[in-house]
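>>> How does the following fold in three dimensions:
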Amino acid sequence: MNRIITIVLGLLILALIASSTMFVVDQKHFAAVYSFGEIREVITEPGLKFKLPPPVQNVVLLDRRVQTLESPDSRPIFTAEKKSLVIDWLAKWRIADARQFIRNSGASVDTVANRLSPVVQAAFNDEVTKRTVLAVLATERDTVMIDVRKRLEEEAKAFGIEIVDVRIKRVDFSANIAESVYKRMSAERQRVANEARATGGAEGEKIRADADRQAQVIKADAYRDAQKLRGAGDARASAIYADAFGRDPAFAKFYRALDAYRDAWQNKGDVMVLDPAQSEFFKTMRAPSDVTGGGAAPAHK
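Now for the predicted structure:
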């Protein structure tokens, strides 16, 4: 019985020793094998691996995936024009040299992030101070990111990492000049609006003046044509009157006398004081037969 127990314990001990000598490396990690505190081997290929049991050898896994480092705070950066900008950035990096990474950062990703962040910020400071606000915001934004990445590539080797990408997330004015920039932009927009209104007013006046000129021309042409028609009508009427009066002079004299009476009394209250027996004006009314050629008018009682 004791022999069986001894065998079982021996097998358990052998199993524990065997399990402590085996480990698995997946595609997401590097494996650093330590021997008495020193790096003995760095394993980059995935699979089942073997080592000596602790404390002779230990294994530390390092994440080989791409890591993201973002700007910790919004620090103002002065441009070549001495304008203050706040830039939010991010940097993508991953472990390239596991031995250098461990020697520099002790296998801690957070340690690398804390040490790399001021390096990235300093690179942005150097690049932004060489450019104007317009260049950083628009014309040279991509160039700034490319130049920062180039500056970081050499310094990243000391950390045992490689810089995959550098991006500017947001560029904004700092709070102390945002109000003045807003006022300047508002004034510029107001100036453009005033110019547009002035141009529109001038165009409106030009259009109205042209319309008034065309209206005057149309009225003048219409008045001219009306006068021509009126003149032609009067000439035609005069010809008709002349022809009619020429056929009967007595009737013409009588008709003109009636026109004279009508013109003399335009209103009902008009009064004319004349001697009807002596005045030539009432000759037609006294003896119409003298005008029309008929007999004397009968006397009215």
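
>>> Can you tell me how far Ala239 is from Asp225?
21 Å (Cβ to Cβ, to the nearest Å). For every residue, glycine as well, the C-beta is placed using N, CA and C.

>>> can you check Val42 too?
106 Å.

>>> per the record, what domains does the protein have?
Domain ranges of the chain: 2-63, 67-173, 184-247, 249-292, per automatic domain parsing.

>>> Let me have those domains in CSV, extended by mean neighbour count.
Output for those, formatted as CSV (neighbours: other Cβ atoms under 10 Å):
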stretch, mean neighbour count
domain 2-63, 13
domain 67-173, 16
domain 184-247, 10
domain 249-292, 12
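
>>> any chance of these in TSV, plus mean pLDDT?
Below are the domains of the chain laid out as TSV (pLDDT from 0 to 100):
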stretch	mean pLDDT
domain 2-63	77
domain 67-173	88
domain 184-247	89
domain 249-292	66
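
>>> mind checking the backbone torsions on the nearest residue to Ser174 once chain neighbours are set aside?
What sits nearest to Ser174 in space, not counting adjacent residues and going by Cβ to Cβ, 6 or more residues apart in numbering, is Ser84, at 4.1 Å. Dihedral pair for Ser84: phi -90, psi 120, per degrees, to the nearest 10.

>>> Tell me which stretches of this structure form helices.
Listed in chain order, the helices of the chain (DSSP state H) span 2-20, 98-105, 109-128, 133-134, 141-156, 175-247, 249-264, 283-286, 288-292.

>>> List just the one of the ones you listed that sits closest to Asp73.
Nearest of the helices of the chain to Asp73, taken as Cβ to Cβ: helix 109-128 at 9.3 Å.

>>> now for that closest one, which elements pack on it?
Using 3 or more Cβ pairs under 8 Å, 6 or more residues apart in numbering; DSSP states H and E, the elements in contact with helix 109-128 are strand 67-70, strand 76-78, strand 84-95, helix 98-105, helix 141-156, strand 161-173.
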